[in-house]
Structure formats: C-alpha cells, structure tokens
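Q: Got a sequence here, can you model it:
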Amino acid sequence: MAAHDDDAARIARIYDDFGRSWAHGTSPLYEEWSIGIGADPSLPGRLATLPRRQQQPNLLFAAARWAGAPLAPFTQWREWLDAHWDEVIQIGSSRATQTNEANRCATFLPQLSRIDGPVALLEVGTAAGLCLYPDRYGYAYDAPGGVRRIEPEDGPSPVRLECRVDDDSSVPERLPHVVWRRGIDLSPIDVRDPEAIDWLATLIWPGPDHDARVARLRAAAAVAASDPPEIIRGDLIETVTDAAATAPAGATLVVFHSAVLLYLDADGREAFATIMRGLGDAIGRKVVWLSNESTGVFPRIDALLPPGSDVGPRFVQSRDGAPVALVGPHGAVYDTTPFRT
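A: Residues are numbered from 1 along each chain as shown. Alright, predicted model coming up:
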C-alpha cells in the first residue's frame, strides 16, 4: 500500500507542476484540470494503477477529448471522466503522445541555416515527420530590429511559422539545402491518414495561445503529404546508427529531436547521448546533433548552463552537447541572452 501511496503522491505532484509550470498562461483549461487532479483525493491513485506512460497529463487529456469530453471546468469534466473512465483508459492504451509541432522548425532554423552545403535530416521521435521540412515552410521572426521574413525560393509557403527572438543575429538569413530526410519512431504516423492527423490535432492543448496550432498542423501535414517522409519504425537507440549510415556522404547529417528523450529513463538517455557523441566516427562523416529537451533530461548539458539561468517552461537547445539557446516548447521563442557574454 505504501508504494501505491507514493506513486499517487508522485502523480499528484506531476499534474500540479504541469498545470502551474507548463499550462499556466497558455492553456487555462489544462491548467485548471491539472491542478484539480493534483488536489483530487482519488484520481492520482486511480492513475497509479495504470502503466506509467498512461499516467501523463497530455495523454489523459487527449484521450478524454477524443472520447468526447466537454471543454468544461474541472468539476464538470471530473464527473464526465468518472462516467467514461474505461473508454478513456482504453483510448490511452492504444495511442501515444506524439505532439508534432512544425513550429519547432523555427527554433532549429537558426542552427540549420549556419551549416554550409547540403544537409541530411534525421529526426528521432518524428511522429508524422512534420519537422523534417524546414526548407518548405515560411518564417516570421519577431526580432528587436523588427519582423524579418524568410520564404522558400520557389515562392511563399502555405505554412507560416512564427518565433520571437531576443537578438537580431539569431535570425536566419536562408533556408537549408535539404537533400535527404528520414525519421525514426516507435509508432510512425502516416501523414496521409486523416484520422491520424485528427489525433495529432487532439493532442494540441485547448486555449487561445494554441488555437492557431491546429490550422498550422493541418497545413504542414498537407505539405508533408505531397512528399511523404520515410519513417523507420523502431527504438531510437537501436536504430539511429544504422539509419544515420544511410545518409548521403556528401551532406552534413543533422540528427535532431524535441521533447523525445524525456520518455526514456536515465540510462536510456545516457546511452543515446553516448551514441551521438561517437556517431560521426562510427559512420565516417560529419554529424551535427541538435537537441531541444527540458532540463533534467541531460544533466551533463544542464551543468553547462550559465549560472543563474532562468529556464522556466522552456527547452534547452544544445548543439553537439553544448547549450546554445532557450526555446519555447512549441517553437514560439528563441532566446540566446544567457549565452552571450
């Protein structure tokens, strides 16, 4: 019983933190639901009986919405959840959190645009592969010197990605020349499958700060569907080296990911980091490793953050294991101030 109580207390803390730190200010409804679950006398205990991956807020909330949950205050939603618990848990058992936010390309582009020559892209945890097309989207960077726009050479893209940057030098001057793109995922999503895209849309949080993300998701899915990416089904640790070895030798290989490694345990994260540190030598070509992950995922990288860095609800972006920026989890912010001396 003590172990179950400990699990329930841990889950209550996770939900309370999710509401106060991540949903706060961007999704009022998820903030209320999360804090409500954190303080609920029984829900954390019920969640503790589920496999750990089904305990996460994003999956529970999306599964509930997929089953028809009202976008209502916590008390009303809580009553609905009681009545539909089995259906929600069944949905959560058969689906996964695979947030595929194309706007994250806006935070990778400052690094990608500074790589000379052709680029080969390999994304781990790629879902439907929407972040494999940074060269086919349009961008608007809100910089101190004004808004600066970038579009593909063949004309304006139907997808517009927006990002605030804190320094004019961070604004990319060009799009990368991508000659190869692949993805790795445990459960690849067919970008041509309407139901799969509907599920990705359901994973987007409700709230005014996120409403535009749904339209952007569908527009980016249409771009990707016109030239579907090749996605390898498999464990990222087991497949990344072989997948990387198939990239064209004349291109700089960029292996990248966003909010993926937090789903591995500490040993798995360290194993992946070890692979990445030696990947160039292993496959005999130049490799750049770009990571957008929350603090705590890579302690070695966190240790290199400038003293007193206020990361807040942002990811730490690192290049080849060194932190270079703090970025919004959905691509809307790119800050380099802490790293400029």
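Q: Where does A62 sit: helix, strand or coil?
A: Using DSSP: H, G, I helix; E, B strand; the rest coil, the structure places A62 in helix.
Q: That one and T202 touch, don't they?
A: Yes. With contact defined as CB atoms under 8 Å, A62 reaches T202; the gap is 5.0 Å. All C-beta spots, glycine's among them, are computed from the backbone N, C-alpha and C.
Q: neighbour count winner among the two?
A: Counted by other CB atoms under 10 Å, A62 and T202 do not tie: A62 has more neighbours, with 27 against 17.
Q: Give me the distance between that one and D265.
A: Look at A62 and D265: by CB to CB, to the nearest Å, they are 23 Å apart.
Q: For the protein, just list every one of the helices.
A: 2-17, 28-39, 43-48, 57-66, 74-83, 85-94, 105-112, 194-202, 211-225, 236-245, 266-283, 299-302 (DSSP state H).
Q: and of these, who's closest to F256?
A: helix 105-112 (6.1 Å; CB to CB).
Q: Pull the number of nearby residues for L279.
A: Counted with other CB under 10 Å, L279 comes out at 20.
Q: In this structure it contacts D242, no?
A: No. Counting by CB under 8 Å, L279 does not reach D242; the two are 11.1 Å apart.
Q: Need the winner for burial among the helices of the chain.
A: Across the helices of the chain, averaging neighbours per residue (mean count of other CB atoms under 10 Å) puts helix 105-112 on top, at a mean of 25.
Q: What mean pLDDT does that one get?
A: The pLDDT scores in helix 105-112 average 98.
Q: Tell me which residues are up against it.
A: Under the criterion CB atoms under 8 Å, 6 or more residues apart in numbering, residues 119, 131, 133-134, 137, 139, 141, 150, 161-163, 165, 170-172, 175-176, 254, 256, 288, 290, 292, 317, 319, 324-325, 327-328, 331-334 lie in contact with helix 105-112.
Q: how far away is N58 from G138?
A: Distance from N58 to G138, by CB to CB: 28 Å.
Q: next one: R218
A: The gap separating R218 from G138 is 16 Å, by CB to CB.
Q: try E238
A: 36 Å.
Q: pretty sure D16 contacts W33?
A: No. Counting by CB under 8 Å, D16 sits too far from W33 to count as a contact (11.3 Å).
Q: Overlap of the contact sets of those two?
A: Residues touching both D16 and W33 (CB under 8 Å, 6+ apart): none.
Q: can you list the domain ranges for the protein.
A: 2-94, 102-339 (automatic domain parsing).
Q: From one end of the longest one to the other, what's the distance?
A: Across domain 102-339, the straight-line distance between its terminal residues is 25 Å, by CA to CA, to the nearest Å.
Q: quick check, distance from it to the centre of its chain.
A: With CA atoms, centre = their mean, to the nearest Å as the basis, domain 102-339 stands 8 Å off its chain's centre.
Q: can you pull the contacts of S27?
A: Residues in contact with S27 (CB under 8 Å, 6+ apart) are 205-207, 209-210.
Q: filter the residues you listed to the buried ones?
A: Using 16 or more other CB atoms under 10 Å as the burial test, the contacts of S27 include 205-207 as buried.
Q: of the residues you listed, closest to A72?
A: Of all the buried ones among the contacts of S27, A72 sits closest to P206, with 10.8 Å by CB to CB.
Q: Can you list the low-confidence ranges for this protein?
A: By pLDDT under 70, the low-scoring segments of the chain are 1-4, 341.
Q: With T97 as the reference, measure out to Q56.
A: 6 Å.
Q: and if you look at V159?
A: The value you get for V159 to T97, if CB to CB is used, is 22 Å.
Q: tell me the contacts of S291?
A: S291 is in contact with 256-257, 261, 298, 301, 316-319, counting by CB under 8 Å, 6+ apart.
Q: Show me what it is bridged to.
A: H257, S318 (DSSP bridges).
Q: Kindly report the same for L253.
A: Going by DSSP bridges, L253 forms beta bridges with A120, V287.
Q: so how far is L186 from it?
A: 22 Å.
Q: Between these two, tell me which one has more neighbours.
A: Each of L253 and L186 has its neighbours counted (other CB under 10 Å); L253 has more, 25 against 13.
Q: Now do the same contact list for the more buried one.
A: The neighbourhood of L253, defined by CB under 8 Å, 6+ apart, consists of 119-120, 122, 244, 247, 283, 285-288.
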